[in-house]
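Participant: Need coordinates for the below:
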Amino acid sequence: MASVGFIGLGNMGAPMMRNLLKAGHAVKAFDLSETARKAAVDAGAVAAVSAREAALDVDVVVTMLPAGAHVKSVMLGEAGLFAAARANTLFIDSSTIDVATARVVAAEATTAGHAFIDAPVSGGVGGAEAGTLTFMVGGADDAFARAESILAVMGKTIVHAGGPGNGQAAKICNNMLLGISMIGTCEAFALAEKLGLDHQKLFDIASKSSGQCWSMTTYCPVPGPVATSPANRDYKAGFAAAMMLKDLKLAVEAAQGSGAVIPLGAEAAQLYALMVGSGEGGLDFSGIIHMLRGKA
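Facilitator: All right, here's what the predicted structure looks like:
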């Protein structure tokens, strides 16, 4: 079993950390929230008083942070985790951040004598709790090989996407596609309502036809057809609209930097910005159907 420092105990990080504990790993946990630290202790972790302390004398450091700026500030510099950790510590960053930052941080990790992978996740809070997340991993082959057994405790599907930053590239592309497909699914149901077509009837037809997609069959944006979808819980977030907007903005930035053309991705970002701007950023991203109905 490994000793693990875990930094970032939010909606995703906390259940991921608990799965490491259930597997028998020793965890030192840190979050800025005292409540989150206490919950980690109640689950069996040792609370660290700082991110730096969580990285001391452990085999692996897992981070789940809000944005690239946070990852850089925590990892780099004389007070950062790379300086604090013992030689050849494995760093697993499961934050969703921009590709450029992921590659800068990976290079700094190598310079400091550590192994580093970017390993953002897909699967939402439910996947984090069940240990069925998908990890999209960027990094060197040897770092991926060291990380695989740790990731397997928290996820079901682990894909090595290539070198540093490629995990983030995969996550950005995947979530752009998800945001676009959810808007299309919501538009289809909103149109069906206007035309007098029952939700269940549309689902029964489209889920077995060419319109079938994950946004419909697993995460249906209207109550009824899929019992586990947030639509049946007043759109309580499994994946908040504000987080979808964050990922779409990363896709737009990546497209601008690389010369890619993403008209639907850019439009999806604008629509989610309207949803978040209307005060509904805390709702599940499938709740954008309200706005498409004109009821935001």
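Participant: Dump the C-alpha coordinates for the helix-or-strand element of the chain with minimal mean pLDDT into PDB.
Facilitator: Least confident helix or strand, the chain: helix 124-130 with a mean of 90, by mean pLDDT, DSSP states H and E. Coordinates of the C-alpha atoms in helix 124-130 are reproduced here as PDB (Å, rounded to 0.1, in the frame of the first residue of the first chain):
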ATOM      1  CA  GLY A 124     -19.100  13.300 -12.100                       C
ATOM      2  CA  VAL A 125     -19.800  13.000  -8.400                       C
ATOM      3  CA  GLY A 126     -21.600   9.700  -8.900                       C
ATOM      4  CA  GLY A 127     -18.600   8.200 -10.600                       C
ATOM      5  CA  ALA A 128     -16.200   9.500  -7.900                       C
ATOM      6  CA  GLU A 129     -18.300   7.900  -5.200                       C
ATOM      7  CA  ALA A 130     -18.600   4.600  -7.000                       C
END
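Participant: Going by neighbour count, which residues of that helix are buried?
Facilitator: Buried residues in helix 124-130, counting neighbours by 16 or more other Cβ atoms under 10 Å, are found at Gly124, Val125, Gly127, Ala128, Glu129. Any C-beta I mention is one placed from the backbone N, CA and C, and that applies to glycine too.
Participant: now the strands: where do they sit in the stretch 51-200 of the chain?
Facilitator: Counting by DSSP state E, counting those that start in this stretch, the stretch 51-200 of the chain has strands at residues 60-63, 90-93, 115-118, 121-122, 133-138, 155-162.
Participant: Go through these and find the least confident stretch.
Facilitator: The weakest mean pLDDT among the strands of the stretch 51-200 of the chain belongs to strand 121-122, with a mean of 92.
Participant: Which residues outside it are in contact with it?
Facilitator: 12, 94, 127-128, 133-136, 154-155, 171, 174-175 (Cβ atoms under 8 Å, 6 or more residues apart in numbering).
Participant: quick one: which of these is nearest to Val71?
Facilitator: Sorting those by how near they are to Val71, with Cβ to Cβ, puts Ser94 at the top with 10.3 Å.
Participant: okay but the closest one is in contact with Val61, surely?
Facilitator: No: with the criterion set as Cβ atoms under 8 Å, Ser94 and Val61 do not qualify as a contacting pair; they are 11.0 Å apart.
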